[in-house]
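Participant: One predicted model, sequence on top.
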Amino acid sequence: MPLLTLDSVSLAYGLHALLDRVDFQLDSGERVGLIGRNGGGKSTFLRILTGEITPDHGKVWRQSALKMGYVPQEPQLIASDTVFDAVARGLGGEFIADYKVERQLSLLGLSPLTPVGDLSGGWKKRVALAQALVNEPDVLILDEPTNHLDIAGIQNLEQWLRSFNGAVVFITHDRHFLDRVVTRVVELDRGKLSSFGHSFADYQRRKADQLAAEALEQRRFDKLLSQEEVWIRKGVEARRTRNEGRVRRLEQLRHEREQRRERVGQVRLSLDVGDRSGQLVVELQQVSLRYDDTVMVSNFSTRIQRGDKVGIMGPNGAGKTTLLRTLLGEIPPHSGSVQLGTRITVAYFDQWREQLDEQATLADTISPGSEFIEFNGTRKHVISYLGDFLFPPERARAKVASLSGGERNRLLLARLFSRPSNVLVLDEPTNDLDIETLELLESLLVEYTGTLFLVSHDRAFLDTVVTQVIVLDGQGGVMENVGGYTDWMRYVAASHKNSTQASAPVSVPEARLASENAIKKPEKRKTERLSYKEQRELESMPDLIETLESEQVKVALELAEGSLYREAPEQVKSLTLRQSDLEKRLSEAHRRWEELEQKQDKTRETSV
């Protein structure tokens, strides 16, 4: 029996419906990851689930006596409360059960007597989670639960959610988190809700199939509409035939075209890199950093050169932002020396968005007092530039205070990228960004020719973007390693496995030297030839893959039909199994095709 269901639910603010006849069912034990574009209605959908918002149309059904826990994006806590009192508020009107509160404090590593007002954003998020969990809910609703948590906190949350006995619905942009936690990915796109597979990779494949099928259907529709418009313009012939049914169909086609909601465009990201800096960006020698009596960094030395992309990792409160500001020369070290390079121009992204004036308009935020900006040597109108970041012209004069968290991040990126810089500093840039914008930002940073400093808890983002990491342990220790997050964890795992023989992580200068001095000896190639059977198999591969992909599109379209989950749940299971089987067969076919082509290429090379 489901815990809650939504039946043909609709809700509209302004011209377009955030939810358009949406169907949804949540079963016990499910962990549903909700994704979609910023401003698409995801948070509103969660608030409908909790009962905080009533939809315009449709029915919301919940099991009787269903207990729900809800953690919004920004926790609503009372600063004067102790952590214990804040968590106890989650029990509502019940008597305070100390053992329940203490158990949650222990699970999340919280200190009961600490005032809430003294906590960082990450620790406040933990308090809000404990507050939602203390009443042992049947359904847990989480809006961006990984925001402001450090990597260790996110990993603990992953483990806890996987063992949670109730059902969970959460919004997140963290692709690692999605893959490790969800049993089902659901997307809210242009008011419609669709289910996709059991991982983010499943979603990517099926969404591509769905969009391809949608584009094909729209081309057919537009062609039919064009033909009917030609017919009606003939005038005399149309009136002579008195085909009123055809005229009515044309009117319906026109109405459908007017109502079509096009997919929201992509953010068009580009950077004004400016003049090149000197080869040396910054060098630290035996630097130590303190905050009051706490040692955050002890005797750390490093050398950052032009073009390096540096990820800074560590637990909340370890001193990542303090180290970042020391690297930029903004604050002096307690001891040691900092040498800055020449011709350095810095653009800084602040995780708390303190650079944004709440009362300023979007246009003035980008270009104060002028309607144009100079970008990469060309003059561009500020409204056009804002459009690149998905802000329509009518919002250019809106105030910053009216923006959502994701929109503020986009605006700050727009402002940041409009200024020439050769050193880019991003402090937690991924919070509140939707996945599509996140992937575009990744691509931009990979191509960036300047120097990058990145503080982030997004493991996939770190893996894609950075070339080296600086890791703070929270007790003064700092280590460097080549690669991203996964490379660092590989080193840590190897160190624990071979603790008596573990070598230090490869330093960045050592890695550069090894790379420059490495000489690879050519390997002897063995002659490999395709057999007759393999040659026939290779020739048949394109047809096989086309057949499998066509069937995959058909199944994806059936699964995208929202009413199917309510009217024929047994068919959903069958289609899901079929889709998984098709994905495995496609993956194997692509692998085999590549294997046969490589063997054929080697045969050609050795015969030359």
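Facilitator: Happy to help now that I have it.
Participant: Where does Glu588 sit, in terms of helix or strand?
Facilitator: Taking DSSP states H and E as the criterion, the element that holds Glu588 is helix 569-607.
Participant: Distance from the chain centre to that helix, please.
Facilitator: 28 Å (Cα atoms, centre = their mean, to the nearest Å).
Participant: Repeat that for stretch 68-81.
Facilitator: Taking mean C-alpha positions (Cα atoms, centre = their mean), stretch 68-81 and its chain are 23 Å apart.
Participant: Which other helices and strands does the helix holding Glu588 contact?
Facilitator: helix 200-233, helix 532-559, helix 564-567 (3 or more Cβ pairs under 8 Å, 6 or more residues apart in numbering; DSSP states H and E). C-beta here means a position set from N, CA and C on the backbone, and glycine is covered the same way.
Participant: Swap in 6 Å and give it another go.
Facilitator: Packing partners of helix 569-607 (3 or more Cβ pairs under 6 Å, 6 or more residues apart in numbering; DSSP states H and E): helix 532-559.
Participant: Would you mark the buried spots in the helix it packs on?
Facilitator: Leu538, Met541, Ile545, Leu548, Gln552, Val553, Val555, Ala556, Leu559 (16 or more other Cβ atoms under 10 Å).
Participant: In space, what's closest to Glu30 - neighbours in sequence excluded?
Facilitator: Leaving aside its chain neighbours, Glu30 sits nearest to Ala167 (4.9 Å; criterion: Cβ to Cβ, 6 or more residues apart in numbering).
Participant: Now for that neighbour: which residues touch it?
Facilitator: Contact analysis of Ala167 by Cβ atoms under 6 Å, 6 or more residues apart in numbering lists Leu3, Leu26, Ser28, Glu30, Val139.
Participant: And for Lys320?
Facilitator: Ile312, Gly314, Val455.
Participant: So the second one sits against Val469, correct?
Facilitator: Right, Gly314. No - contact criterion Cβ atoms under 6 Å: Gly314 and Val469 do not qualify, at 9.8 Å.
Participant: intersection of neighbour lists for the two?
Facilitator: With Cβ under 6 Å, 6+ apart as the test, Gly314 and Val469 reach no residue in common.
Participant: Looking at the contacts of Ala167, which is nearest Lys573?
Facilitator: Comparing the contacts of Ala167 against Lys573 with Cβ to Cβ picks out Glu30 as the nearest, at 13.5 Å.
Participant: and the gap between the residue nearest the centre of the chain and Asn38?
Facilitator: Most central in the chain under Cα atoms, centre = their mean is His173, positioned 2.9 Å from the mean C-alpha point. Distance of His173 to Asn38, computed by Cβ to Cβ, to the nearest Å: 9 Å.
Participant: same thing with Leu412?
Facilitator: As defined by Cβ to Cβ, Leu412 lies at a distance of 13 Å from Asn38.
Participant: Ok, Pro542 next?
Facilitator: Pro542 is 39 Å from Asn38, by Cβ to Cβ.
Participant: got it, and Arg162?
Facilitator: In terms of Cβ to Cβ, Arg162 sits 27 Å off from Asn38.
Participant: So for these two, which sits in the more crowded spot?
Facilitator: Asn38 (22 against 12; other Cβ atoms under 10 Å).
Participant: As a check, name the ranges of all strands in the stretch 201-350 of the chain.
Facilitator: 280-291, 294-305, 309-313, 335-340, 346-349 (DSSP state E, counting those that start in this stretch).
Participant: Now do the last one: distance to the chain's middle.
Facilitator: In other words, strand 346-349. 21 Å.
Participant: so after it, what's the next helix or strand?
Facilitator: Next along from strand 346-349, by DSSP H and E: helix 362-366.
Participant: Note down every partner strand of the helix or strand following that next one and its orientation.
Facilitator: Going down the chain from helix 362-366, the next helix or strand is strand 372-375, by DSSP H and E. Pairing partners of strand 372-375, with direction, according to DSSP bridges: strand 378-381 (antiparallel).
Participant: quick one: contacts of the strand it pairs with?
Facilitator: Residues outside strand 378-381 that contact it (Cβ under 6 Å, 6+ apart): Phe372, Ile373.
Participant: Give me the next element, helix or strand, following it.
Facilitator: That would be, after strand 378-381 and using DSSP H and E, helix 382-388.
Participant: Please identify the buried residues of that next one?
Facilitator: Counting neighbours by 16+ other Cβ under 10 Å, helix 382-388 gives Val382, Ile383, Tyr385, Leu386, Gly387, Asp388 as buried.
Participant: Can you add distance to Arg47, neighbour count and pLDDT and give the contacts of Ala167 back as a markdown table?
Facilitator: Below are the contacts of Ala167 laid out as a markdown table (distance: Cβ to Cβ, whole Å; neighbours: other Cβ atoms under 10 Å; pLDDT from 0 to 100):
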| residue | distance to Arg47 | neighbour count | pLDDT |
| --- | --- | --- | --- |
| Leu3 | 17 | 19 | 94 |
| Leu26 | 15 | 22 | 93 |
| Ser28 | 22 | 13 | 90 |
| Glu30 | 19 | 17 | 93 |
| Val139 | 13 | 22 | 95 |
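Participant: Tell me the one of these nearest Leu289?
Facilitator: Val139 (44.0 Å).
Participant: Just checking, which helix or strand of this structure averages the lowest pLDDT?
Facilitator: helix 508-517 (a mean of 44; mean pLDDT, DSSP states H and E).
Participant: thinking again about what came up before, next one: phi and psi at the residue nearest to the centre of the chain?
Facilitator: Taking degrees, to the nearest 10, you get phi -110, psi 0 for the backbone angles of His173.
Participant: Where does the prediction get shaky in the stretch 51-200 of the chain?
Facilitator: By pLDDT under 70, the low-scoring segments of the stretch 51-200 of the chain are 93-95.
Participant: Now do the strands for it: every range, in order, please.
Facilitator: 57-62, 68-71, 139-143, 167-171, 184-189, 192-196.
Participant: in the stretch 1-150 of the chain, which spans are helices?
Facilitator: Ranges of helices in the stretch 1-150 of the chain, per DSSP state H, counting those that start in this stretch, are 42-50, 83-88, 98-107, 121-133.
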